[in-house]
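K.L.:
Turn this into a structure:
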Amino acid sequence: MIKAVIFDMDGLMLDTEILLQRFWCEAANELGFPMEPYHVLGIRSLSRKYAERHLKRVFGDGFDYMAVRARRIELMNAYIEKHGIRKKKGLDELLDYLKDKNIRAAVCTATDLQRTGKYLRSVGVYDRFDDYICGNMVENGKPAPDIYINACKRLGLDPQECIALEDSPNGVISAAVAHLNVVMIPDLTQPSDDIRPLLYGCCEDLGKVRELIDEALNKQAKGEANGTR
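P.N.:
Below you'll find the predicted structure:
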């Protein structure tokens, strides 16, 4: 039975992956590294240590990850301060649905807790979640399963009682290895052939997740009814 839905943030609830892609490239280019948008796809949802390793494999050991990251944050913060952040389609409707069904909601994101709070408060949804598990709260971030294992423990639930919502392959892998039911809502890329087998479902937007949960709840109700006959 589904008792909780655990949300990724960037690219899933907020239209920020396209900004991350833009400003990673701008920051790296300023510092002399020929980063292009497709390079950024490889580090979506990765924690800092995994992202640094990945980019050094691409650009060499001389890639100054911390300097590029700091400049990326500076550029992106300036943009958000001026233009704000857009919520992804269906977020409010899904949160309303979960509240109505008494299904808990939590956040698992590679973004640190401070920026997570700032971003989600800016779009008016921060107080609608029961818990937050952020990248700086676990030793091994995505694609390792630690963040989702920790989330389930904090919620006091079995992983199979939880749905994880992710937009990126690294996030899907993290949740799948932790044995959650993973639903992908694609953002910059569609699920690849090696990702599809890991998915419980795939929805075009967050609003469609309601239909998937309704189907799961109906199956549960029918199973309980059959068991009592």
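K.L.:
all contacts plus neighbour counts: C-alpha atoms, from now on.
P.N.:
Fine.
K.L.:
List the buried residues of whichever strand or helix holds Val68.
P.N.:
Taking DSSP states H and E as the criterion, the element that holds Val68 is helix 65-83. Using 16 or more other C-alpha atoms under 10 Å as the burial criterion, the residues of helix 65-83 that qualify are 65, 68-69, 71-72, 75-76.
K.L.:
Domain-wise, how is this structure divided?
P.N.:
4-15+87-227, 17-83 (automatic domain parsing).
K.L.:
any idea which of those domains is most buried?
P.N.:
domain 4-15+87-227 (a mean of 18; mean count of other C-alpha atoms under 10 Å).
K.L.:
correct me, but Arg86 touches Glu17?
P.N.:
No - if you go by C-alpha atoms under 8 Å, Arg86 and Glu17 don't touch, sitting 11.1 Å apart.
K.L.:
now the strands for the protein?
P.N.:
For the chain, applying DSSP state E gives strands covering 4-7, 104-109, 131-134, 162-166, 181-184, 201-202.
K.L.:
Quick one: the ones you listed as TSV, columns for mean pLDDT too.
P.N.:
Output for the strands of the chain, formatted as TSV (pLDDT from 0 to 100):
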stretch	mean pLDDT
strand 4-7	98
strand 104-109	97
strand 131-134	95
strand 162-166	98
strand 181-184	98
strand 201-202	96
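K.L.:
Would you format these as TSV with distance to Ile80 included?
P.N.:
Output for the strands of the chain, formatted as TSV (distance: least, C-alpha to C-alpha, whole Å):
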stretch	distance to Ile80
strand 4-7	21
strand 104-109	19
strand 131-134	20
strand 162-166	23
strand 181-184	26
strand 201-202	29
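K.L.:
Among these, which comes closest to Val125?
P.N.:
strand 104-109 (11.2 Å; C-alpha to C-alpha).
K.L.:
Which strands border that closest one, and is each parallel or antiparallel?
P.N.:
strand 4-7 (parallel), strand 131-134 (parallel) (DSSP bridges).
K.L.:
Mind exporting the C-alpha coordinates of the last one to PDB?
P.N.:
Backbone C-alpha positions of strand 131-134 (Å, rounded to 0.1, in the frame of the first residue of the first chain) are rendered in PDB as follows:
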ATOM      1  CA  ASP A 131      10.300  15.800   5.900                       C
ATOM      2  CA  TYR A 132      13.400  16.800   3.900                       C
ATOM      3  CA  ILE A 133      16.400  14.700   3.200                       C
ATOM      4  CA  CYS A 134      19.100  16.700   1.300                       C
END
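K.L.:
Quick check on the closest residue to Asn29 other than its chain neighbours: phi, psi?
P.N.:
Ranked by C-alpha to C-alpha, 6 or more residues apart in numbering and with sequence neighbours excluded, the top spatial neighbour of Asn29 is Met35, at 6.3 Å. Phi and psi for Met35, reported as degrees, to the nearest 10, are phi -80, psi 140.
K.L.:
Offset the numbering so it begins at 38, please.
P.N.:
I'll keep to 38 as the first residue from here, and by that count the last item is Met72.
K.L.:
Now do the same contact list for Met72.
P.N.:
61-62, 65-66 (C-alpha atoms under 8 Å, 6 or more residues apart in numbering).
K.L.:
That one and Arg59: what is the separation?
P.N.:
10 Å (C-alpha to C-alpha, to the nearest Å).
K.L.:
Ok, Ile250 next?
P.N.:
34 Å.
K.L.:
What of Asp167?
P.N.:
32 Å.
K.L.:
can you check Leu236 too?
P.N.:
The value you get for Leu236 to Arg59, if C-alpha to C-alpha is used, is 28 Å.
K.L.:
Angles on the backbone of the residue lying closest to Lys93 once chain neighbours are set aside, please.
P.N.:
Nearest residue to Lys93 in three dimensions, chain neighbours excluded: Phe100, at 5.7 Å (C-alpha to C-alpha, 6+ apart). The phi and psi values for Phe100, taken as degrees, to the nearest 10, are phi -70, psi 120.
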